[in-house]
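**Student:** missing the sequence, but the structure's below:
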């Protein structure tokens, strides 16, 4: 049992292969009249038929309208509790398509959503009545072994980066599920199984190509547009559409030691206490995710850890000894494994047709009283499945200054989240209410939250979450996106 049991990866894994080529869809996309749409502020507008045709003719990729083949796949995200219908879906095949789409949306002040892997649990990669820019048709990864660099198209998935880089004995931190979108993960942070050794995904960006709100194509690096380079690394999708990433790569053996160890729920206090001590003292080579889960039928109940050790094999027994000493588990799979395989190990374990809601925050310390709070009120009664989850940070992540990039949460020991999932056809309100109530009992122990995870916070909270970096981010936002075209994110309101 793990966090990813609450996401819908099996659906996402098939998205790229389900979308036909432009030559097939172009003949189906018939514009029969004006298109009803909405602006970024929610006001209704009408997009004239001729303009929609002109947009379609300008694209090498696809323009999808409701009813077109591929539209239903494109508009959906992994969280089946999100059911939104864009007025237009653009599936680009190159930078020019992205520029044309962004310009079209800006000139009409259309609501604009950017979709890469569709992992946004709050559904920010789709929208009602706006334009969805679906980057699933814009994927590619190439490795320059001599330069130790990977060049990755903006719509690519993490598995493409992992596969190409590890084939050359190189790695870059890239999340924990292979069908996560590179763009969304990286711009917000990018935790992963080797991030404690090499930093966040955003710490490994050498340069980016980006289309900003004015439709211009820019390069962002330490030497070109350095203000934009700084802001994109932690400011999320606030500043444009990244069309290409250049990642630094690090030499690493292909085989790591990883897997899960699970204990019965009656040992929850002991295991959470042990986990709280391990995450604070672990070496950089050791990555630990902790979790506690209760399910509808009780079959998935348990408390445990997901482990990845990427250091010298000769030291593995010593590093893993504290975990082995925890007693007899009900399940264990910790063993040598190819890094690409462990990165894919959570891809197909997710149930389909479920709604999902989560709350979360970073914790800088892990006091014993927090363990007590977490155990109190943790429920998993019939009709819902509930999970507490921790994603390990610290190590190299914490040795970067809070203002060196726009990602300010460098002090954290772990990212703590609580999830609830329910059958999508059911009303999610009571389940959401429960998680909100439970979260209030532990929220005081947190210090901000991961922008890639949450979605229903107030504008004031969103601004505050950037902490010491907000004022500088606001200045960059006003320069590159003064009309707030890119607002479906942890948004920086340029009028603030």
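**Tutor:** Noted; the coordinates are in hand. Keep in mind that this is a model prediction, so the values were computed, not measured.

**Student:** Check residue 30 and give its pLDDT.
**Tutor:** Residue 30 carries a pLDDT value of 82.

**Student:** again with residue 26
**Tutor:** Per-residue pLDDT puts residue 26 at 43.

**Student:** do residue 174 as well
**Tutor:** Note on residue 174: pLDDT of 89.

**Student:** out of everything not next to it in sequence, what's closest to it?
**Tutor:** residue 158 (4.4 Å; Cβ to Cβ, 6 or more residues apart in numbering). C-beta coordinates here come from the backbone N, C-alpha and C atoms, glycine included.

**Student:** Could you report the neighbour count for the one you found?
**Tutor:** A count of nearby residues for residue 158, using other Cβ atoms under 10 Å, gives 28.

**Student:** Residue 367 now?
**Tutor:** For residue 367, using other Cβ under 10 Å, the count is 11.

**Student:** What residues does it make contact with?
**Tutor:** If you count contacts by Cβ atoms under 8 Å, 6 or more residues apart in numbering, residue 367 has them with 276, 445.

**Student:** how does it look with 10 Å?
**Tutor:** Neighbour list for residue 367: 276, 373, 445 [criterion: Cβ atoms under 10 Å, 6 or more residues apart in numbering].

**Student:** low pLDDT regions in this protein?
**Tutor:** 1-28, 349-353, 381-383 (pLDDT under 70).

**Student:** Look up how far residue 319 lies from residue 281.
**Tutor:** Distance, residue 281 to residue 319, using Cβ to Cβ, to the nearest Å: 11 Å.

**Student:** Looking at the two, which is more packed in?
**Tutor:** More neighbours surround residue 319 than the other of residue 281 and residue 319, with 17 against 9 (other Cβ under 10 Å).

**Student:** Okay, helices next: where are they in the stretch 201-350 of the chain?
**Tutor:** Ranges of helices in the stretch 201-350 of the chain, per DSSP state H, counting those that start in this stretch, are 226-235, 268-281, 316-324, 339-343.

**Student:** Quick check: buried residues in the first one?
**Tutor:** Applying a neighbour-count criterion of 16 or more other Cβ atoms under 10 Å, the buried positions in helix 226-235 are 228-235.

**Student:** Can you pick out the most distant pair from the residues you listed?
**Tutor:** Greatest spatial distance in the buried residues of helix 226-235: 228 and 234, 12.4 Å, computed using Cβ to Cβ.

**Student:** Tell me how many other residues surround residue 224.
**Tutor:** When counting by other Cβ under 10 Å, one arrives at 12 neighbours for residue 224.

**Student:** Distance check, it against residue 209.
**Tutor:** The gap separating residue 224 from residue 209 is 10 Å, by Cβ to Cβ.

**Student:** Common neighbours of those two, please.
**Tutor:** Common neighbours of residue 224 and residue 209, counting by Cβ under 10 Å, 6+ apart, are residue 218.

**Student:** Which among the helices of the stretch 201-350 of the chain is found nearest to residue 449?
**Tutor:** Among the helices of the stretch 201-350 of the chain, helix 226-235 comes nearest to residue 449, with 13.1 Å by Cβ to Cβ.

**Student:** helices or strands up against the closest one?
**Tutor:** In this structure, helix 226-235 packs against helix 182-188, strand 205-211, strand 217-220, helix 470-480, with contacts taken as 3 or more Cβ pairs under 10 Å, 6 or more residues apart in numbering; DSSP states H and E.

**Student:** relative to helix 470-480, how tilted is it?
**Tutor:** Relative orientation of helix 226-235 versus helix 470-480 (axes from the mean of the first three to the mean of the last three Cα atoms, to 10 degrees): 120 degrees.
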